[in-house]
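*Asks:* Give me a 3D structure for the following:
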Amino acid sequence: MPKRLLPTMTALQCFEAAARHMSFTRAAEELFLTQSAVSKQVAQLEDMLQHLLFHRVRRRLQLTPAGELYLAEVNKILTQVDISSRYILSYGGETEVLRVATQPTFGARWLISNLKGFSKHHPNIHLDIRSELEPFDLVQAKADVAFFYGQGSWPGATCIELFGEEVVPVCSPDVLQGRALRGATELAEFVLLQCTSRPEAWHEWFEEQGIDTEHSYHGPRFDTFYMCIRAARAGCGIALVPRFLVEDELDDAKLVIPWVHHKPSEGSHYLAYAEQSIDIPKVRSFVDWILDKAHSRQGHASS
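*Replies:* Numbering: from 1, shown residues only. This is a model prediction of the structure:
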């Protein structure tokens, strides 16, 4: 294995401070070192990298092109070290971190509201919740628990179905301008907001009603349902979204359903965890909490 280039943290701090102040003297004052110590650390760093990081011109410093590139990388490293250190510092010895991955809109619209009270009942479990758009590796422990939409298959993971969904068209009342639609075909006359993760959604919605339109794939495309919902609220067009994501807007009449046709989605929302991790207390506690909330939702929906 080739020898790694691992400069000391002191050397990186000296370089970053000197670059920020453009002065070894001011960097030394900030780091409580001598000016010669800072200068020596930077010189050793330049020797390791085999590139000058500063031009020394008339007792003034100026970053070289290599120095500017390296500074951007060093800032990332120091920021991550600071975040990681504060992350550990903020928790007591009894605290366990549970890493949760979720799709952005599901996390914002369903998960967060159903976490109320969890920390009170489980004060020793700290939730680290992250939004994920791209596929991620649950088995390799990048997340302890994950939420996803699909068919319930994830290699190496136990997947539990939470609930299904139905999609409905929604738009701002202003888009209709008081117009009452006489059929689903008329929706094709409006701007159809598309969601990247469900490219076939509009086509399937029209097809289920026996409607063939060339406009089902046309319209602005957004990465997430959240962006589609915001665009619909702003009057940009009509979005086709899972109903449970827009219940609040429908109740407040900020969004309306221009044509009533509820289409059940082919997939469902699932909770997943690595097969071997269910015996870990923090995972078991979280799974039980979420299943209770999901079952409560199903009971409320059927009543």
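
*Asks:* where in this protein is pLDDT low?
*Replies:* Scanning the chain with the threshold set as pLDDT under 70 gives 1-2, 87-95, 134-141, 297-303.

*Asks:* if we go to 80?
*Replies:* Per-residue confidence for the chain (pLDDT under 80) gives these ranges: 1-3, 58-59, 84, 86-95, 133-142, 155-156, 297-303.

*Asks:* Quick check: longest helix in this structure by residues?
*Replies:* Counting residues, the longest helix found in the chain (DSSP state H) is helix 65-89.

*Asks:* and that helix, what other elements does it pack with?
*Replies:* On a contact count with 3 or more Cβ pairs under 8 Å, 6 or more residues apart in numbering; DSSP states H and E, helix 65-89 meets helix 9-21. Every residue, glycine included, has its C-beta placed from N, CA and C.

*Asks:* ok, now with 10 Å
*Replies:* On a contact count with 3 or more Cβ pairs under 10 Å, 6 or more residues apart in numbering; DSSP states H and E, helix 65-89 meets helix 9-21, helix 35-49, strand 54-57, strand 60-63.

*Asks:* what residues does that helix touch?
*Replies:* 7, 9, 11-13, 15-16, 18-20, 42, 45-46, 49-55, 61, 63-64, 95, 97, 126, 128 (Cβ atoms under 10 Å, 6 or more residues apart in numbering).

*Asks:* Now stretch 198-209: buried residues?
*Replies:* Within stretch 198-209, the residues that count as buried by 16 or more other Cβ atoms under 10 Å are 198, 201-202, 205-206.

*Asks:* residues making contact with it?
*Replies:* 149, 167-169, 183-185, 187-188, 192-195, 211-213, 215-219, 221, 225, 228, 238-242, 259, 261, 263-267.

*Asks:* In helices only, show me those residues.
*Replies:* Among the contacts of stretch 198-209, DSSP H puts 225, 228 in helices.

*Asks:* Without its sequence neighbours, what residue ends up closest to Pro264?
*Replies:* Distance criterion Cβ to Cβ, 6 or more residues apart in numbering; nearest residue to Pro264, sequence neighbours excluded, is Glu166 at 5.0 Å.

*Asks:* Let me know the distance separating Val100 from Val170.
*Replies:* Per Cβ to Cβ, to the nearest Å, Val100 is found 28 Å from Val170.

*Asks:* Over to Phe118?
*Replies:* From Phe118 to Val170 the distance is 30 Å (Cβ to Cβ).

*Asks:* The residue most central in space within the chain: what's it in contact with?
*Replies:* Centroid check for the chain by Cα atoms, centre = their mean gives Ser131 as the closest residue, at 2.2 Å. For Ser131, the contacting residues are 101-108, 224, 226, by Cβ under 10 Å, 6+ apart.
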